[in-house]
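Visitor: just the structure for this:
(one chain, ligands or ions: 1)
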Amino acid sequence: MKFQEQPSDILARLSELRDADAPTHGGRVLSYVYDSGVPELDELAAAAIRMVQPVNGLDPTTFTSVAVMEREVVAFARDMLGGDSSVVGTVTTGGTESCLLAVKTARDNWAGEGTPRLLAPVTVHAAFHKAAHYFGLELDLVPVLSDGIVDADVMIERLGPDVALVVVSAPSYPHAAIDPIAVIAAAAASQGIDCHVDACIGGWVLPFWKDLEPWDFRVEGVTSMSADLHKFGYAPKGISVLLTRGRDRQRAQYFATTRWPGYPVVNSTMLGSKSAGALAAGWALTRALGRDGLAELAASCARSTSFLVDLIEFIEGLRVVGSPVGPLMAIATDESVPEDRRVDPHHWADQVRTHGWMLQLQPGLAQQFGVTLPHTTHLTVTPVTERVMPELASALMTAASEVRGMAPISPADARDSLPDELLESLTEPLDSEAALRVLMEVGLVSKDSEGLPEKMAPFLALITAMPAPVTERLLTELIARTVE
Ligand SMILES: *Cc1c(COP(=O)(O)O)cnc(C)c1O
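Guide: Numbers count the residues shown, from 1 in each chain. Just a heads-up that it's a prediction; the model follows:
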């Protein structure tokens, strides 16, 4: 067959496109990507993906390799997370899908009347907002204290017969806080309410963390858990595990229908036809690493995390929020020092970026009945971090000294910087043209450049300044236009 474009040219073009991406290896991006720092693991994952490339993961009876790999990955995760033989599970395409399915399953098992409620600390991952939205649950968010941890008593007070699921995190993404899982799960169990532990980020690393109270299936009231292999399992994107205590509870996760003129449909997860690539890669990695390999990589993460926590505490004007559990942390301004010695975490993140390192900016949150959570900068530490620590530490310190004393951009200032007509236009529902005009006005979209501007601090301030529905509409437009 004659191709309209030669494979070598196509791949050259792809390589050019990839060069413009943020670097996925080498530890320069401290979120999104999880680099084990072991190239053989990436090679193994690639080879495994290649071998199952044409397989359809839809049907494990036709493609039996899928059943075997899934069974073995689930078994590995179950043993690692303290589950016994009553714990069953499925491999999903990622953390969001695991969380969505946990909520859908709980909703379908819930025997109450009216609208079911999803109860969680305000720090619970946004995937649960999405789940409540998709599956028609009321989202009941409980404020957290300034260290990012929820008060167990407040959570327990809000339990009731309309609660279909309580969610706690191990740890939470925004602050790396581990919720009081044992107390909350026990209280939920005593009222017959299901309790999900979101260990999407912690699931493959906390089993090897020192000195933790039980936080997994060893806690009796825990009825389901999510743990992403495409985070600290170092697998390529597209694989997570959802474990559920009790076969009967888990069966509600499935969708089956024979009421159409095609093949009988049985889906354990949300997709129909699906790739077996990430499953094969994740499966191969768990076999190569085993518990000892995972423990070794976790130990490297732990050393780097503790070094970075100390470093941040040492940098005048910055502080770590709470006491992070796991290889991630949130960094805020240290307000105990005079204003001219403070470091704003967003100016700092922007400055760190000029030195070639990408940190993630997180907005503050005014909780309805609680403390205001400060805006922070997020760092996820991976095994490769240890290798680049001297350069990273020096960039973090230098950047701090470069922005020390620079006042944060207040949300009010960000708002006032917008022209009056523009502010007025934001009170009306925005259509895609109006939303685009706003984005161009504030400089988030420009005709001649891809990606976001260099400085993110002003935009984060703007995000906080505007009502959430407006920001959400604008960000939707931003991403849609980026792809268009
Ligand atoms: C990453 C994450 C998720 C969502 O996972 P995706 O893989 O990004 O879909 C959910 N919960 C927590 C705590 C996470 O860190």
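
Visitor: the residue of the chain found nearest the ligand: what's its closest spatial neighbour, skipping adjacent residues?
Guide: Ranked by C-beta to the nearest ligand atom, the top residue of the chain for proximity to the ligand is G95, at 2.1 Å. Using the backbone N, CA and C atoms, a C-beta is placed for each residue, glycine as well. Distance criterion C-beta to C-beta, 6 or more residues apart in numbering; nearest residue to G95, sequence neighbours excluded, is C200 at 3.7 Å.

Visitor: give me the three-state assignment for the one you found.
Guide: Look at C200: counting by DSSP: H, G, I helix; E, B strand; the rest coil, its state is coil.

Visitor: how about it, what does it touch?
Guide: The neighbours of C200, taking C-beta atoms under 8 Å, 6 or more residues apart in numbering as the test, are 95, 98-99, 125, 127, 173, 226-228, 231, 240.

Visitor: try N109
Guide: N109 makes contact with 164, 194, 249, 252, according to C-beta under 8 Å, 6+ apart.

Visitor: need the max-distance pair from those.
Guide: A164 and R249 (12.2 Å; C-beta to C-beta).

Visitor: what is in contact with the two at once?
Guide: Contact criterion C-beta under 8 Å, 6+ apart; residues bridging A164 and R249 by contacting each: 109, 194.

Visitor: so for those two, which residue has more residues nearby?
Guide: The residue with more neighbours, out of A164 and R249 and counting by other C-beta atoms under 10 Å, is A164; that gives 26 against 18.

Visitor: tell me the centre residue of the chain?
Guide: When the chain is reduced to its mean C-alpha position, the closest residue under C-alpha atoms, centre = their mean turns out to be Y173, at 6.0 Å.

Visitor: what separates it from G148, distance-wise?
Guide: For Y173, the distance to G148 under the criterion C-beta to C-beta, to the nearest Å works out to 10 Å.

Visitor: any shared contact partners between the two?
Guide: When contacts are counted by C-beta under 8 Å, 6+ apart, Y173 and G148 have T123 as shared neighbours.

Visitor: out of the contacts of C200, list just those in strands.
Guide: Among these, the residues falling in strands (DSSP state E) are 226-228, 240.

Visitor: just the CA trace of the helix or strand bottoming out on mean pLDDT in the chain, in PDB.
Guide: The helix or strand with the lowest mean pLDDT-type score in the chain, counting by mean pLDDT, DSSP states H and E, is helix 420-425 (a mean of 81). Listed next in PDB are the C-alpha coordinates belonging to helix 420-425 (Å, rounded to 0.1, in the frame of the first residue of the first chain):
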ATOM      1  CA  ASP A 420     -15.100  47.300  33.800                       C
ATOM      2  CA  GLU A 421     -16.900  46.200  30.600                       C
ATOM      3  CA  LEU A 422     -15.200  42.800  30.900                       C
ATOM      4  CA  LEU A 423     -16.300  42.400  34.500                       C
ATOM      5  CA  GLU A 424     -19.800  43.300  33.500                       C
ATOM      6  CA  SER A 425     -19.900  40.800  30.700                       C
END
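
Visitor: start to end distance for stretch 87-101?
Guide: The first residue of stretch 87-101 is 16 Å away from its last residue (C-alpha to C-alpha, to the nearest Å).

Visitor: could you do stretch 428-437 as well?
Guide: Start and end residues of stretch 428-437 are separated by 14 Å (C-alpha to C-alpha).

Visitor: contacting residues around it?
Guide: Here stretch 428-437 makes contact (C-beta under 8 Å, 6+ apart) with 425, 438, 445, 470, 473-474, 476-477, 480-481.

Visitor: would you mind listing the buried residues in that stretch?
Guide: Neighbour-count burial for stretch 428-437, with 16 or more other C-beta atoms under 10 Å as criterion, is recorded at 430, 434-436.

Visitor: what residues does the protein have near the ligand?
Guide: For the chain, the residues found near the ligand under the criterion C-beta under 6 Å from any ligand atom are 94-96, 99, 125, 127, 169, 173, 198, 200-201, 228, 240.
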